[in-house]
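>>> Got a sequence here, can you build the structure:
(chains A and B)
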Amino acid sequence: KAGVTQTPRYLIKTRGQQVTLSCSPISGHRSVSWYQQTPGQGLQFLFEYFSETQRNKGNFPGRFSGRQFSNSRSEMNVSTLELGDSALYLCASSLGQVVSTDTQYFGPGTRLTVL
Amino acid sequence: AQKVTQAQTEISVVEKEDVTLDCVYETRDTTYYLFWYKQPPSGELVFLIRRNSFDEQNEISGRYSWNFQKSTSSFNFTITASQVVDSAVYFCALSELANDYKLSFGAGTTVTVRA
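Residues are numbered from 1 along each chain as shown, chains lettered A, B, ... in the order given. Predicted coordinates for the structure are as follows:
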């Protein structure tokens, strides 16, 4: 089975711009979670989607949003980029249920640099 | 409050040495899950193991072994006869009902294995 794929792998943007990141889960997985990884804050949960519905959201401002499509692919969007948004954004997929205890499998991440 | 504590920031060993990574967690739930992930320089988080709170048996997988002790809230990870390819950042994570089973990661331990 193919693993979790994320596009693009690298991205450079300037402050004030917006960005959209994409994640394709493992085939058959219905739950997708997003994480932000920075040297200072470590790995932080952004949000989780299951069956096109946001099930959980982390403590991030409203500039961070996401969605999930009927084929379980997910996108996350960050508007009005700030320097502090520079990070590795990781997507994880799991088989998923409404309250999922399934193991999450991660993609390679998208490295976002905000100048 | 930090849910998962990995006290060791960095560990450096010479090839063939054993290395043990400590993980201490905090939860009030009786049902919870613990994980270890490996993050090589490529950035992808690689799933290593999942353990539920009712299974305290230690586990061995090749050169990897895990010691789960509920009495001390610890889930330690040992790499036996380390190899250069083991060089990576290792994360311990907790999934608990009180947090809606979102993954809470420790800060990670960077392991460097020198030839």
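>>> Contact partners for the residue most central in space within chain A?
Chain A has residue A:34 as the residue nearest its centroid, 3.1 Å off, counting by CA atoms, centre = their mean. Contacts for residue A:34 were tallied using CB atoms under 8 Å, 6 or more residues apart in numbering or on different chains; they are A:23, A:45, A:46, A:47, A:48, A:66, A:74, A:76, A:89, A:90, A:91, A:92. Every residue, glycine included, has its C-beta placed from N, CA and C.
>>> 7 Å instead, please
If you count contacts by CB atoms under 7 Å, 6 or more residues apart in numbering or on different chains, residue A:34 has them with A:46, A:47, A:66, A:76, A:89, A:91.
>>> Check residue B:47 too.
Listed by CB under 7 Å, 6+ apart, the contact set of residue B:47 reads A:103, A:105, B:37.
>>> and with 10 Å instead?
By CB atoms under 10 Å, 6 or more residues apart in numbering or on different chains, the contact set of residue B:47 is A:92, A:103, A:104, A:105, A:106, B:35, B:36, B:37, B:38.
>>> Would you mind writing the CA trace of the helix or strand harbouring it as PDB?
Assessed by DSSP states H and E, residue B:47 sits inside strand B:46-52. In PDB, the C-alpha atoms belonging to strand B:46-52 read as follows (Å, rounded to 0.1, in the frame of the first residue of the first chain):
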ATOM      1  CA  VAL B  46       7.900   6.400  11.300                       C
ATOM      2  CA  PHE B  47       5.600   4.400  13.600                       C
ATOM      3  CA  LEU B  48       7.500   2.000  15.800                       C
ATOM      4  CA  ILE B  49       5.100   0.700  18.400                       C
ATOM      5  CA  ARG B  50       1.700   1.200  20.000                       C
ATOM      6  CA  ARG B  51       0.800  -0.100  23.500                       C
ATOM      7  CA  ASN B  52      -2.500   0.100  25.300                       C
END
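>>> That concludes my questions; thank you for your assistance.
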